[in-house]
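Engineer: A predicted structure for the sequence below; I have some questions about it.
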Amino acid sequence: MKIKIMMLLLLFAATQARPQAAVSFAESFTGNTMRVDYFHTGTASEEHFSVDRILNDGAWAGSRTVLADELNRGLYFYEVTDVATGVLLYSRGFASIFGEWQSIAEAKTNWGTFHESVRFPWPQQPVVLTISKRDAANEFVPLWNTTIDPAARNVNPASLLSSFSTKTLIENGDPATHVDLVILGDGYSAAEMGKFDGDARRLIQALFEVEPYKSRKADFNVRLVETPSAVSGVNKPHPGSFRRTPLSVSYSAFDSERYALATDNLAIRDAAASVPYDAMFILINEQTYGGGGIYNLYSTVAVDNKFSDYIFVHEFGHSFAALADEYYTSDVSYQIPEITVEPWEPNVTALLDPAGLKWKELVEPATPIPTPWDKEAFDAFSYEIQKERRELRAAKVPEARVEALFARERQTMLEMIDGMEYKNTTGVFEGANYMQYGMYRSAIDCIMFTRDKQEFCPACRRAISQVIDQYTK
Ligand SMILES: [Zn+2]
């Protein structure tokens, strides 16, 4: 009976967010970073974890005061608890490539394995690492845990002696109270390191032209790590341009021609750890439109496209702040699943509970909810552009033709939006998160909506600021 109660208590403890005890950073941690590399394996309906290695990733660059995650974002969540006391020491939300892979058709019939890492301050005493995932109601449920004794032989405390050249682009202060962004590059030859440096500076400048980054630039440190490639350019399976590069960036992730990801996590993590970092960005030395962003992992961007500045800021919205896409006129959006659960992303809502709207403090009481906008004409135009885009890609035309189409799309969309009554109003506008109906965003336009890098919507701006706060407090 006693055992049964204990088990119930344990179960209860595992499924509830643990209130953080007053953990003192200095008493609980050494000041280094523990990196747990693991394999995340499964199918559409099951998933498993196995530890690969546990390493010292250098001095801890994250917050020393916000140890328990305050944002509750991401499909997954990891928690580090003290074995002896059961006290929560550290937690963060994250997303993973495995989590996305599970939703594609291939995962119904095949197994997949992805190499992943979680990082946290190096504990002084044995800890339990628990990884949880959202259930159908979007609540986190534990999937797996492992006990880590920092003194055990399978835990490697050796310092990483990086062989990569590094550079500091922006230095504003102590990593513990700043957002430390590391920029990696793939598909740059040794002779193109000057271009890498120039691309990084140009894109970082574009990021800091947009709010809230603009007014919080002093909260960031930016460094780059050089990982020269033997060839110029990265792997592009759709047009049949194959390459092997140090970080393994490839277009056609999940067979989407514009989706560029890298799955060689070990190489990426070892390169990134050459400098203190909280967030990673991988520049792709290519013109072909593309990129990607996974929350708390990294963003990628093709640097030589006409829209590179925009892609950089947009994808960083995904990886840094867990923002959802607000656009919806891509191919997948013709399928409209029933929406019964509020999405967890901070910038989209299913509006199942208008009184509990997640950005209600940003909306004036007189604003109609949902807020009207000229959706029909906008959608008709947007679907027409998507059709042309597919035709151009199928015909494998030069990139400039696709850029011209996107430029025409952007021009027309901005003109349409400019004529709308609520263009400057924070409200609840239908169409978001790949859903034409039943999903809403906070403004007509946003960097997560159109291919225009002017401005984030108010919900996105607030969500990004909250992440910066969590790193700088
Ligand atoms: Zn937005």
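Structural biologist: Received, thanks. Residues are numbered from 1 along each chain as shown.

Engineer: Just say helix, strand or coil for the residue in the stretch 301-450 of the chain that the ion sits nearest to.
Structural biologist: Nearest residue of the stretch 301-450 of the chain to the ion: Cys446, at 3.2 Å (Cβ to the ion). Placement of C-beta: from N, CA and C, glycine included. With DSSP: H, G, I helix; E, B strand; the rest coil as the basis, Cys446 sits in coil.

Engineer: Which residues of this structure lie near the ion?
Structural biologist: 347, 446, 448, 457, 460 (Cβ under 5 Å from the ion).

Engineer: how much space between Phe73 and the ion?
Structural biologist: For the record, residue 73 is Arg, not Phe. 14 Å (Cβ to the ion, to the nearest Å).

Engineer: what about the helices in the stretch 51-200 of the chain?
Structural biologist: 97-101, 106-109, 193-207 (DSSP state H, counting those that start in this stretch).

Engineer: before we move on, the earlier item: I'd like to know which of the residues of the chain next to the ion are buried.
Structural biologist: When the residues of the chain next to the ion are checked for burial by 16 or more other Cβ atoms under 10 Å, the buried set is 347, 446, 448, 457, 460.

Engineer: List the contacts of the fourth one.
Structural biologist: Residues in contact with Cys457, defined by Cβ atoms under 8 Å, 6 or more residues apart in numbering, are 326, 347, 426, 441-443, 445-446, 448-449.

Engineer: can you check the first one too?
Structural biologist: Listed by Cβ under 8 Å, 6+ apart, the contact set of Asn347 reads 323-324, 326, 432, 441-442, 446, 448, 457, 459-460, 463.

Engineer: Widest-spaced pair of those?
Structural biologist: Ala432 and Ala463 (13.7 Å; Cβ to Cβ).

Engineer: Helices along the stretch 301-450 of the chain, start to end?
Structural biologist: Going by DSSP H, counting those that start in this stretch, the stretch 301-450 of the chain shows helices at 308-321, 375-394, 399-418.

Engineer: Please identify the most buried of those.
Structural biologist: Of all the helices of the stretch 301-450 of the chain, helix 308-321 has the most neighbours on average by mean count of other Cβ atoms under 10 Å, namely a mean of 24.

Engineer: ok and it relative to helix 399-418, angle-wise?
Structural biologist: 70 degrees (axes from the mean of the first three to the mean of the last three Cα atoms, to 10 degrees).

Engineer: which residues are in contact with stretch 250-260?
Structural biologist: Contacts of stretch 250-260 (Cβ under 8 Å, 6+ apart): 97, 100-101, 104, 234-238, 249, 261-263, 284, 286, 288-292, 300, 302, 393.

Engineer: quick check: domain ranges of the chain?
Structural biologist: 2-156, 166-322, 331-470 (automatic domain parsing).

Engineer: what's the distance between the first one and the middle of its chain?
Structural biologist: So the one you mean is domain 2-156. Here the centre of domain 2-156 is set off from its chain's centre by 17 Å, with Cα atoms, centre = their mean, to the nearest Å.

Engineer: which of the contacts of stretch 250-260 are buried?
Structural biologist: Among these, those classed as buried by 16+ other Cβ under 10 Å are 97, 100-101, 234-236, 238, 249, 261-263, 284, 286, 288-292, 300, 302, 393.

Engineer: What is the helix or strand hosting Ala26 packed up against?
Structural biologist: Ala26 belongs to helix 25-28 when assigned by DSSP states H and E. Helix 25-28 is packed against strand 112-123, with contacts defined by 3 or more Cβ pairs under 8 Å, 6 or more residues apart in numbering; DSSP states H and E.
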